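*Asks:* kindly generate the corresponding structure for this input.
(2 chains)
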Amino acid sequence: MNKIADLMCIVGLVAAGVLASLLAPQMQAEARYKPTEYEAARESIAVTLMGQLRMSVGDMMWLKTLEYLHNGIIYRMPTKREESQGARAVEFAGMGAGVAHKDGPSLVPDKDRDWRGVLGEFNRRVEPWRPGHAQHSDPQELIPWYQLLAKFNPNYIQAYVNGAFFMSDFARAPEMARDFLLLGAKKNPWSFEVQAALGRLYFDNFKDYEKAAQALAKAVKLANDEKRYLAKRDEALDNVQEQLRSEAYLFLARSYAELGRYDEALDVCDAGLEEAPGYNLLRVEKRIVKKSVSGQARPPE
Amino acid sequence: MGARIRKSTAIAYVTVLESVRRKDPYVVLILGAAMVIGAGLFSRFGVEGLEKFVKDVGLSVTTIFSVVICVVAAARQMPTEIQNRTLYPSLGKPISRNGFYLGKYLGVGLMSSAVVLAFFLLLQSILLGFRIPVGAIFYQALYLRIVSMWFIAAGVLCLSLFVTHAANVTISLLACLGMQMLAHSILYIHDELTGLSSRLAEGLYWVAPHLELFDLSKKVIHGWPAVPWWVLAGMTVYAVIYTGIFLALGCLRLRRMPL
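*Replies:* Numbers count the residues shown, from 1 in each chain, chains lettered A, B, ... in the order given. Presented below is the predicted three-dimensional model:
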């Protein structure tokens, strides 16, 4: 089935390249469609199926990135029986929040808990497997999959955020990361995650605090809009999104401070602390900005 | 004995020739183009050190299409011969039904192996073009893929005498490409099963032909070292046992089949 998924990825990529140029401008030109036409599209079984297919293949590509991260080894969550025997999944957050995940035991069992005898022995030799906890590969290897994923499903936000992070921090290609995020922002103008990542990139890699402030201000606004929208539906941002929103406040304040716009920086700190009272880095930033206002030098990072 | 082998070999030769006339091997060229496109995409990403992606695309294409070619070729042999009534002059040569069947198997196996070999040669040249080294594991993957072709050919040829052509192709493709999923599912749920259901899952695992054990692609992609040679020998024995069972079943069925 994995092979079918791989084939679908390849075929989908070629098809996406052709279709993207035809479909994207029409998708963006919302004014050309009447509400009734949108409703018809929403009711269309064909459109629904294609959308579902796009999401499913996108998820398969996402799993592919995890496979690459684990050097081809497949890990699973512990079963209830294993948990009752003390087995626990290990949290991994060593490469940024975007790829944070839990690693349980490998799907191919160790020899001492394998019931398959000689077939198990062959399986452990043929399929990637190693005893002990998961080890992680160079995340640069994940980049093409994020690129494919974004091509196949341009609304897969996490692909842009993670891909750009690995491009800038591991592949040392910040220009490539910027272009990737700008593409993501164009395809997803409502996404605060992409704007937040773009702001961080301008801040960390380009030292372009003006552009960073613009992107982060947009990120903060979009994040708050989304939070309000979700609250109306009794939903909330997830942990990663909350983290990104808090960081957007922090780096917006830092960008203003770098530009010498201390009042705005303090306002952002206050607004951020109101939204995320537990985010102590904003308190620290507020103290630093206050010291800068009172003429003291900003301590080195 | 020698005469029988010569007759079966002649049938095998005709089978390969027919595949060439049907332009099956030209699929190799189309797939080669697909692989080049995949590799070309790799260069567009512009990030160094992404060998895994190229190998992944190349090996996925190789695996999928070699299995498809093998299944399609094997599935059509016997039904076509029976439907077109070309089986009768062949049996009148004279050649036994067993000899005819084994000749067909030999032809499909040879053709599929040649296709796999062509794929790997093409893939190797592309990898070398990108200066991506291939270790011993690459050649081990080639060997196991070829062995799996003979295994698949035997199974599909046997099934073609029991079910319709369309059903055979569908079942065989699902079995070949989805066997890993079945094996992983059993592994995943086994720990939660107890009593009879656990025994049933184990029985199913033991009976199912494990084609996924012939796939070293992941190890090649992720740069794992070569597997011990006894594993290759073991997998060859495994394939020979299943192939023998499928061939015996096929011969038995053909012998009893009213023509």
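*Asks:* which residue, neighbours along the chain excluded, lies closest to the residue in the stretch 201-301 of chain A positioned nearest to chain B?
*Replies:* Closest contact between the stretch 201-301 of chain A and chain B, by CB to the nearest CB, is at A:Asn205 (15.5 Å). For the C-beta atoms, the positions are set from N, CA and C on the backbone; glycine is no exception. Excluding its sequence neighbours, the residue lying closest to A:Asn205 (CB to CB, 6 or more residues apart in numbering or on different chains) is A:Pro174, at 3.9 Å.
*Asks:* show me what the helix or strand hosting B:Thr9 is packed against.
*Replies:* Element membership of B:Thr9, judged by DSSP states H and E, is helix B:2-21. When contacts are defined as 3 or more CB pairs under 8 Å, 6 or more residues apart in numbering or on different chains; DSSP states H and E, helix B:2-21 packs onto helix B:97-129.
*Asks:* could you give the separation of the helix it packs on from the chain centroid?
*Replies:* For helix B:97-129, the gap between its own C-alpha mean and the chain's C-alpha mean amounts to 9 Å (CA atoms, centre = their mean, to the nearest Å).
*Asks:* just to revisit the earlier point, okay, the helix holding B:Thr9 in CSV with CA atoms only?
*Replies:* Output of helix B:2-21 as CSV, limited to C-alpha atoms (Å, rounded to 0.1, in the frame of the first residue of the first chain):
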residue,chain,number,x,y,z
GLY,B,2,16.1,-33.2,-22.7
ALA,B,3,13.3,-33.1,-25.3
ARG,B,4,10.8,-32.0,-22.7
ILE,B,5,13.0,-29.2,-21.5
ARG,B,6,13.6,-28.1,-25.2
LYS,B,7,9.9,-28.0,-25.8
SER,B,8,9.2,-26.0,-22.6
THR,B,9,12.1,-23.7,-23.5
ALA,B,10,10.5,-23.1,-26.9
ILE,B,11,7.3,-22.1,-25.3
ALA,B,12,9.2,-19.8,-23.0
TYR,B,13,10.9,-18.2,-26.0
VAL,B,14,7.6,-17.7,-27.7
THR,B,15,6.2,-16.1,-24.5
VAL,B,16,9.0,-13.7,-24.3
LEU,B,17,8.8,-12.9,-28.0
GLU,B,18,5.1,-12.3,-27.7
SER,B,19,5.7,-9.8,-24.9
VAL,B,20,8.2,-8.0,-27.0
ARG,B,21,5.7,-7.8,-29.9
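*Asks:* Three-state assignment for the closest residue to A:His70 other than its chain neighbours, please.
*Replies:* Using CB to CB, 6+ apart and skipping the chain neighbours, the partner closest in space to A:His70 is A:Ala134 (5.4 Å). Recorded secondary structure, A:Ala134: coil (DSSP: H, G, I helix; E, B strand; the rest coil).
*Asks:* need the contact list for A:Ala134.
*Replies:* Counting by CB atoms under 8 Å, 6 or more residues apart in numbering or on different chains, A:Ala134 makes contact with A:70, A:73, A:75, A:90, A:92, A:103, A:106.
*Asks:* buried subset of those residues?
*Replies:* Neighbour counting with 16 or more other CB atoms under 10 Å in any protein chain shown marks A:70, A:73, A:75, A:92, A:103, A:106 as buried within the contacts of A:Ala134.
*Asks:* count the residues that sit near the residue lying closest to the second one once chain neighbours are set aside.
*Replies:* Going back to what we said before, that points to A:Ile73. Distances taken as CB to CB, 6+ apart place A:Pro128 nearest to A:Ile73, at 4.7 Å, with adjacent residues excluded. For A:Pro128, the neighbour count with other CB atoms under 10 Å in any protein chain shown is 20.
*Asks:* near chain A, which residues of the stretch 101-250 of chain B are found?
*Replies:* B:144, B:177-178, B:180-181, B:183-184, B:187-188, B:190-192, B:202, B:205-206, B:210, B:212-216, B:218-219, B:221-222, B:224, B:227-228, B:231, B:234-235, B:238 (CB under 8 Å from any CB of the partner chain).
*Asks:* do a quick rundown of the strands in the stretch 51-200 of chain A.
*Replies:* With strands called from DSSP state E, counting those that start in this stretch, the stretch 51-200 of chain A shows them at A:90-92, A:101-103.
*Asks:* export these to a markdown table and tack on mean pLDDT?
*Replies:* Listed next are the strands of the stretch 51-200 of chain A as a markdown table, based on pLDDT from 0 to 100:
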| stretch | mean pLDDT |
| --- | --- |
| strand A:90-92 | 76 |
| strand A:101-103 | 77 |
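*Asks:* select, out of the ones you listed, the one closest to chain B.
*Replies:* Smallest distance to chain B across the strands of the stretch 51-200 of chain A (CB to the nearest CB): 15.4 Å, for strand A:101-103.
*Asks:* rewinding a little: B:Gly223 is in contact with the residue nearest to A:Ile73, correct?
*Replies:* No: at 10.0 Å, A:Pro128 does not count as touching B:Gly223 under the criterion of CB atoms under 8 Å.
*Asks:* any idea how far the residue in the stretch 51-200 of chain A positioned nearest to chain B is from A:Ile143?
*Replies:* Nearest residue of the stretch 51-200 of chain A to chain B, counting by CB to the nearest CB: A:Gly72, 3.9 Å away. Distance, A:Gly72 to A:Ile143, by CB to CB, to the nearest Å: 17 Å.
*Asks:* what does A:Phe92 give?
*Replies:* Remark: distance between A:Phe92 and A:Ile143 (CB to CB) = 19 Å.
*Asks:* same question, A:Gly184
*Replies:* A:Gly184 is 14 Å from A:Ile143, where distance means CB to CB.
*Asks:* run through the stretch 201-301 of chain A and note the low-pLDDT ranges.
*Replies:* Residues of the stretch 201-301 of chain A meeting the criterion pLDDT under 70: A:295-301.
*Asks:* ok, back up a step: from the chain's centre, how far out does the helix holding B:Thr9 sit?
*Replies:* Worked out by CA atoms, centre = their mean, helix B:2-21 lies 19 Å from the chain centre.
*Asks:* what comes into contact with it?
*Replies:* B:25, B:73, B:77, B:90, B:93, B:95-96, B:99-100, B:102-108, B:110-111, B:114.
*Asks:* and it, what's buried?
*Replies:* Buried positions in helix B:2-21, judged by neighbour count with 16+ other CB under 10 Å: B:7-12, B:15-16, B:18-19.
*Asks:* same check on stretch B:155-173?
*Replies:* Neighbour counts over stretch B:155-173 (16+ other CB under 10 Å) mark B:155-161, B:168-169, B:171-173 as buried.
*Asks:* residue nearest the centroid of chain A?
*Replies:* A:Gln158 (2.9 Å; CA atoms, centre = their mean).
*Asks:* model confidence score at that residue, please.
*Replies:* pLDDT recorded at A:Gln158 is 89.
*Asks:* B:Leu91 and chain A, how far apart?
*Replies:* Distance from B:Leu91 to chain A, counting by CB to the nearest CB, to the nearest Å: 38 Å.
*Asks:* okay, that residue: pLDDT?
*Replies:* 75.
*Asks:* between the two ends of stretch B:155-169, how far is it?
*Replies:* By CA to CA, to the nearest Å, the extent of stretch B:155-169 from end to end equals 11 Å.
*Asks:* for the closest residue to A:Trp115 other than its chain neighbours, give its distance to B:Ala175.
*Replies:* Once flanking residues are discounted, A:Trp115 sits nearest to B:Glu202: 6.4 Å by CB to CB, 6+ apart. Here B:Glu202 is placed at a distance of 19 Å from B:Ala175 (CB to CB).
*Asks:* buried residues in stretch B:73-85, which are they?
*Replies:* By 16+ other CB under 10 Å, the buried positions in stretch B:73-85 come out as B:73-78, B:81-82.
*Asks:* can you list contacts of that stretch?
*Replies:* B:15, B:19, B:24, B:86-87, B:90, B:101, B:104, B:107-108, B:111-112, B:152-153, B:156-157, B:159-161, B:164-165, B:168-169, B:172, B:254, B:259.
*Asks:* restrict it to CA atoms and write it as PDB.
*Replies:* Written as PDB, here are the backbone C-alpha positions of stretch B:73-85 (Å, rounded to 0.1, in the frame of the first residue of the first chain):
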ATOM      1  CA  ALA B  73       2.000 -10.600 -18.300                       C
ATOM      2  CA  ALA B  74       1.500 -13.700 -16.100                       C
ATOM      3  CA  ALA B  75      -2.300 -13.200 -15.800                       C
ATOM      4  CA  ARG B  76      -3.000 -13.100 -19.500                       C
ATOM      5  CA  GLN B  77      -0.900 -16.200 -20.600                       C
ATOM      6  CA  MET B  78      -3.300 -19.100 -20.000                       C
ATOM      7  CA  PRO B  79      -6.700 -17.300 -20.500                       C
ATOM      8  CA  THR B  80      -5.500 -15.900 -23.800                       C
ATOM      9  CA  GLU B  81      -4.200 -19.300 -25.000                       C
ATOM     10  CA  ILE B  82      -7.500 -21.000 -24.100                       C
ATOM     11  CA  GLN B  83      -9.800 -18.200 -25.400                       C
ATOM     12  CA  ASN B  84      -7.900 -17.900 -28.800                       C
ATOM     13  CA  ARG B  85      -7.700 -21.700 -29.000                       C
END
